[in-house]
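Novice: Structure, please.
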Amino acid sequence: MAEEPKPLLIKRYASRRLYNTETSDYVTLEDIARFIRTGREVQIVDLKSGDDLTRQYLLQIIAEHESRGESVLPTNVLNDLVRSYTSSATSAVPQFLAASFEMFRDSQSKWMEKMNKANPMTGMPGFDALQAQQDAFLKAMTGGIAPPFPTSDAPDADADPQDSDDLDAIKAQLAELQSKLSKLDK
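Specialist: Residues are numbered from 1 along each chain as shown. Predicted coordinates for the structure are as follows:
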């Protein structure tokens, strides 16, 4: 069984500088954000106390992106998050968010797989380089988030009926979780 790679260890010194233990150099918050966007897990610890500061720094990265107008989180979602800290729903919110992002990642993977199958140009010389360039452009324009499903309104003749069933099941689960959250909030 394959072992998951260890997170990239970043140490915070008393001067608040962040030190990459793999490359033996100092890094910025933007460097850490870039590591994460490329799929690396990071762990940030205080050198002196050993405290795990990862959550604090990840929240700071998100806040900086949001303050620069790179909004991913709609205001109503931010309001709901703030409310969740003061309600009995606090314990359900992390699981709900984790499940939602897992479903998003799964559907994003399926979308990319479907797009690769549906594209007859994949066998052309140079197509991989063109696709990589388009992927980089898409990530730059969407902040690394691709749409979870094709944007075409036309029905897909090759569509697997199981995909539709899976989507319906996911929608039902999401509706059920939202219903439970709203009951906990009252």
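
Novice: Domain boundaries for this protein, per the record?
Specialist: 8-71, 83-185 (automatic domain parsing).

Novice: Could you pull out the helices in the protein for me?
Specialist: 29-37, 54-67, 75-84, 92-118, 127-142, 161-185 (DSSP state H).

Novice: Now do the end-to-end distance for stretch 18-37.
Specialist: Terminal residues of stretch 18-37 lie 18 Å apart, using C-alpha to C-alpha, to the nearest Å.

Novice: That one: which residues count as buried?
Specialist: Across stretch 18-37, burial judged by 16 or more other C-beta atoms under 10 Å covers 18-20, 27, 31-33, 35. For the C-beta atoms, the positions are set from N, CA and C on the backbone; glycine is no exception.

Novice: Could you report the distance from Asp106 to Lys180?
Specialist: Using C-beta to C-beta, to the nearest Å, Asp106 is found at 21 Å from Lys180.

Novice: Arg17 too?
Specialist: 44 Å.

Novice: I figured Val42 hits Arg12, correct?
Specialist: No - applying C-beta atoms under 8 Å, one finds Val42 not in contact with Arg12, separated by 11.8 Å.

Novice: Make CSV out of the domains of the chain and add distance to Val77 and mean pLDDT.
Specialist: Shown next, in CSV, are the domains of the chain (distance: least, C-beta to C-beta, whole Å; pLDDT from 0 to 100):
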stretch, distance to Val77, mean pLDDT
domain 8-71, 10, 93
domain 83-185, 10, 68
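
Novice: Surely Val93 and Arg83 touch.
Specialist: No - using C-beta under 8 Å as the test, Val93 is too far from Arg83 to be in contact (9.5 Å).

Novice: who's more crowded, those two?
Specialist: Val93 (17 against 13; other C-beta atoms under 10 Å).

Novice: winner for burial among the helices of the chain?
Specialist: Most buried of the helices of the chain by mean neighbour count (mean count of other C-beta atoms under 10 Å) is helix 29-37; its value is a mean of 15.

Novice: That's all I had, so thanks and see you.
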